[in-house]
Structure formats: C-alpha cells, structure tokens
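Enquirer: Build me a model:
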Amino acid sequence: MPGRLDVRILGPLSIERDGAPLALGGMQQRAVLAALLVHEGHVVPADNLIDLLWGESQPPPTARTTVQGYISKIRKLLTSIAPAAVLETERPGYRLTIDPEWFDLSRFEALAESGRAALAGGDPATASRVLTEALELWRGLPLGDLDVQKIGRARPQLRKARRPVAMGAPGAAIEKGGGLLRRRHRSGVQSASVSWSGC
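Expert: Presented below is the predicted three-dimensional model:
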C-alpha cells in the first residue's frame, strides 16, 4: 500500500503514487479508465465501453477483445496501488472500487456534505473552510485531457455539482449564518454523482 495515493478526475485524469504519476496508457485506455472512475462503485457494462470508444461508428469485430485488453492493462496498473483500488469483472461488465480517502471525487462529495451540514447547523465559519477545501480539489475542466464525446457529457454535471459549493464558500464567511444564506442553501450542496449516458 503506497504512503500517499491520489486518483483524480476533477481536472486532467491522473493517478499519483507517493507523488509520482503512473503511466495510464493511450487515449482509448484512459477513456475506459475514466468511465470506470466516473461510475466508481457501479458496474459499467462492456457494451457501453464499446459504445464509448467507437461511438456512432461500426465497432470492429475485435471490439470486445480490445476492451478486454484495456481492462487487463488497467487491472495490472492498479495492482501497484492495491488494495486502495480494485477492478472486478462483474456481469455484464466491470466494477472499479476506490478507497474514498484517495479519490478526489469522493473527497469532494464528503467535504461538500460536511459543509452543507455545518451551514445548516449555524456554523458558517466551518462551512466556509470546508467548502473552500472542497473547491481546492478542482484542477480545471474535469477529465479535460480526454477528447471523447461521451466524456464531455459528464463534465457539465460535475461542474453543476461544483456550483453551489463555490457559492457557499465565500457566502458562509460573509453572511455568518444569516437567514438569507440558509434560504439560499436550503436545497443543500449537491452530490457530484453524474449520469454518463451510454456508460
């Protein structure tokens, strides 16, 4: 188990072990890894990964074998950071599980929820600090290094989840828990969970 692990999708896709970036492969392999990470903890069907890689084009007869090859390489890559990351074959596809301590999306969601709870509990100073920490996890456009159409569909939903956090961080410190702020955030800080059509 590495001393420090960072699995990141809130910006360019990257995995770092003790500060050193891991080689994640070519564009298609990275796209498969990104799909698994966006749906971390859930099964991504193999057919959806084929659709992700070939889109509206007719996939070649070897498409399923190609996807299996990428999965094999990703699994081999992840053995170096096990048990923090586990990739399992589960019908009808694959499930990737990441220790939430090391995954920026999971950490963002946890901090956003803590900030919402602090705000609802009348502690705007803590809310501001926690929400600011959540925003610092963002390093640019989510998965901005990947030029795959369906990855682009996930980005607006991730950015939508960021918006109320960005509003709450400065507002909590300025308004000190006033009624206006509580009304503005009555719906709570949104989860960053996304629905990636096709994956």
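
Enquirer: Which strand or helix spans the spatially most central residue of the chain?
Expert: Computing the C-alpha centroid of the chain and ranking residues by C-alpha atoms, centre = their mean puts Leu105 first, at 4.0 Å. In this assignment (DSSP states H and E), Leu105 forms part of helix 104-120.

Enquirer: Downstream of that helix, the next helix or strand is which one?
Expert: Note on helix 104-120: by DSSP H and E, the next helix or strand toward the C-terminus is helix 124-135.

Enquirer: Pull out the buried residues from that next one.
Expert: Residues 124, 126-135 are the ones in helix 124-135 that count as buried (16 or more other C-beta atoms under 10 Å). (Glycine included, C-beta is placed from N, CA and C.)

Enquirer: so what are the domain limits for this protein?
Expert: Per automatic domain parsing, the structural domains of the chain span 5-98, 105-184.

Enquirer: mean pLDDT lowest for which of those domains?
Expert: Ranked by mean pLDDT, those bottom out at domain 105-184, with a mean of 75.

Enquirer: Helices of the protein, start to end?
Expert: Under the criterion DSSP state H, helices of the chain are mapped to 27-38, 46-54, 63-78, 104-120, 124-135, 149-175, 179-184.

Enquirer: Now do the buried residues in the second one.
Expert: Under the neighbour-count criterion of 16+ other C-beta under 10 Å, helix 46-54 has 46, 48-53 buried.

Enquirer: by contact count, what packs against it?
Expert: The contact analysis (3 or more C-beta pairs under 8 Å, 6 or more residues apart in numbering; DSSP states H and E) places helix 46-54 against helix 27-38, helix 63-78, strand 93-98, helix 149-175.

Enquirer: Is Gly140 in contact with Ser14, as I believe?
Expert: No: counting by C-beta atoms under 8 Å, Gly140 does not reach Ser14; the two are 11.3 Å apart.

Enquirer: Mind checking which of these two has more residues around it?
Expert: Each of Gly140 and Ser14 has its neighbours counted (other C-beta atoms under 10 Å); Ser14 has more, 16 against 10.

Enquirer: Next up, the contacts around that one.
Expert: By C-beta atoms under 8 Å, 6 or more residues apart in numbering, Ser14 lies in contact with 6-8, 21, 24.

Enquirer: ok, now Ile98?
Expert: For Ile98, the contacting residues are 7, 37, 40-41, 84-85, 106, by C-beta under 8 Å, 6+ apart.

Enquirer: distance of the residue lying closest to Pro12 once chain neighbours are set aside from Thr97?
Expert: Distances taken as C-beta to C-beta, 6 or more residues apart in numbering put Asp145 closest to Pro12, at 4.0 Å, once the chain neighbours are dropped. Remark: distance between Asp145 and Thr97 (C-beta to C-beta, to the nearest Å) = 23 Å.
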